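> Compute the structure for the input listed below.
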Amino acid sequence: MIKGDIISDIELRLTRGKPSDDFETDRRQIAFWMDTIRGQMLVFWIERNGDIPPQALTHFDCQVATSKTPTCVLRGCYTKQYITISPVIQLEDDKGVYRVALQGGKEIDRYRTSAEQDILKHIRLAKPTNSHPAWYRIDDKLYLLKTLPNANIQLDLVLSSTSTVADTDDYPLPDELINVLIERAVKKGLQQISQGVLDLTNDGKQ
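Okay, the predicted model is just below:
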């Protein structure tokens, strides 16, 4: 369902079918409520079903890696490449970063821990190469273990905020969960409006 349509539906329910110009400025707040509830629903869905629904993913094409300042050691200098990503939902096994691939569709392998990196780089067939690259994540950066000149990267992420999703785009949530999302957002909105509270910081406080 279109993101803007969901916001409008919630807005109408909160104003009991009589939207006002004053309330129109609060669409950003409604989107924040939606994202908070969506994150909770997706964590439960994935725990129950064991996988991420395709509708929850946001796809990014043509992401160009940034080259970090070369680091020089006794054996020479090397350059790290990384891609900065938007915050993702914290899921088991870091599934919020669902897929990293070359522009042609070939997936890039993930190294999850530094210990795994140390082991695999000494195994000839598992060692990263320019034709078989790998990556690992630290906070909001995905580091490539082999330099890929002019490489365009594809990403599929489970974003924690949909602020980059346009109102004219589909909201990243399975259709069967949309009605539940709307009901919970309306309930949360009525509670906060009655308390005179507007919270745009995802800090868990009401």
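
> how near is the residue nearest in space to the middle of the chain to residue 53?
Using Cα atoms, centre = their mean, the residue of the chain that lies closest to the mean C-alpha position is residue 159, 2.0 Å off. According to Cβ to Cβ, to the nearest Å, residue 159 and residue 53 sit 14 Å apart. Quick note: C-beta positions are derived from backbone N, CA and C, even for glycine.

> go on, residue 192?
Here the criterion is Cβ to Cβ. By it, residue 192 lies 28 Å from residue 53.

> Can you name the element that comes right after the top helix by length along the chain?
Scanning the chain for the helix with the most residues, using DSSP state H, yields helix 27-49. For helix 27-49, the succeeding helix or strand toward the C-terminus, using DSSP states H and E, is strand 58-64.

> Restricting to C-alpha, output that following strand in CSV.
What follows is strand 58-64, C-alpha atoms only, in CSV (Å, rounded to 0.1, in the frame of the first residue of the first chain):
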residue,chain,number,x,y,z
THR,A,58,14.2,-1.3,0.5
HIS,A,59,16.4,-1.7,-2.7
PHE,A,60,19.2,0.6,-3.5
ASP,A,61,21.0,0.6,-6.9
CYS,A,62,24.3,2.0,-8.1
GLN,A,63,25.8,2.6,-4.6
VAL,A,64,29.4,3.8,-5.2
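
> Would you mind listing the outside residues contacting it?
The contact list for strand 58-64, computed with Cβ atoms under 8 Å, 6 or more residues apart in numbering, reads 83, 103, 150-159, 162, 164-165, 172.
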